[in-house]
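Enquirer: Any chance you could fold what I've pasted below:
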Amino acid sequence: MADQRGGLAASALDPDPMLQFRRWFDEALSSNLPQPEAMTIATASRDGRPSARMVLLKGVDDRGFEFFTNYLSRKGRELQDNPHAALVFHWESLGRQVRVEGTVVRLSSEESDAYFRSRPLENQLSSWASMQSELTTREELDRKFEEVKQLYRGRPVPRPQHWGGYRVVPERMEFWQRRFARMNDRVLYARRLDGTWSRAHLAP
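Expert: Prediction:
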């Protein structure tokens, strides 16, 4: 971790922002922070009205950042109409943030099936019981959960067709390092047309 007074030189970062992210993410994981995989995801409707919420990062590789949700939720409907999103990771005790902007694609059925099978049983059941973002009551949710629990008692729970994964394919990534007197370092990566990345410092 860079000294907060000396700052974070762009030249000290990896030329590949995905490799740099994994370096910082591994440090966040090893620092025993509460849910370092938590990230804000902002989406927007077709007419540009934004909304944001916290989700959990479930996979990251050279292709991008993966998360899972109900396709019929508000974010799912917005991603259908406007397949772009912004992510923010904030690791306060490390004095770091990472911002990501990019396009969003659905994961394949095989990828979503594989992740769904890895989830705890009660989480699998809740994917059937809750139609996320629809109006309901606590009593109705609990009743549906018990119905689904009885329906699949003693047998595998299939993945609902309305539930699965997305990948945010990054086009811009910013690494933010806290420094003294709010003279924070910001290093921006932008993907060029040929797939390589430019890198530049931004004013705080």
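Enquirer: For the rest of this, base every contact and every neighbour count on C-alpha atoms.
Expert: OK.
Enquirer: who touches the worst-scoring helix or strand of the chain on mean pLDDT?
Expert: Every helix and strand in the chain was compared by mean pLDDT, DSSP states H and E; the lowest is helix 138-151, with a mean of 92. Contacting residues not belonging to helix 138-151 are listed as Leu125, Ser126, Trp128, Ala129, Ser130 [C-alpha atoms under 8 Å, 6 or more residues apart in numbering].
Enquirer: Repeat that for stretch 155-165.
Expert: By C-alpha under 8 Å, 6+ apart, the surrounding residues in contact with stretch 155-165 are 66-72, 106-109, 111-113, 116-117, 121, 124-125, 127-128.
Enquirer: Give me the buried entries from the residues you listed.
Expert: The neighbour-count criterion (16 or more other C-alpha atoms under 10 Å) marks 66-72, 106-107, 112-113, 116, 124-125, 127-128 among the contacts of stretch 155-165 as buried.
Enquirer: Do I have it right that Val60 meets Phe67?
Expert: No. Using C-alpha atoms under 8 Å, Val60 makes no contact with Phe67, being 9.3 Å away.
Enquirer: show me where the chain has helices.
Expert: 17-30, 74-81, 109-118, 121-129, 138-151 (DSSP state H).
Enquirer: where's the spatially most central residue of the chain relative to His201, distance?
Expert: Centrality entry for the chain: nearest residue to the mean C-alpha point is Leu57, 4.4 Å, by C-alpha atoms, centre = their mean. As judged by C-alpha to C-alpha, to the nearest Å, Leu57 and His201 stand 26 Å apart.
Enquirer: Over to Arg155?
Expert: From Arg155 over to His201 the distance is 55 Å, taken as C-alpha to C-alpha.
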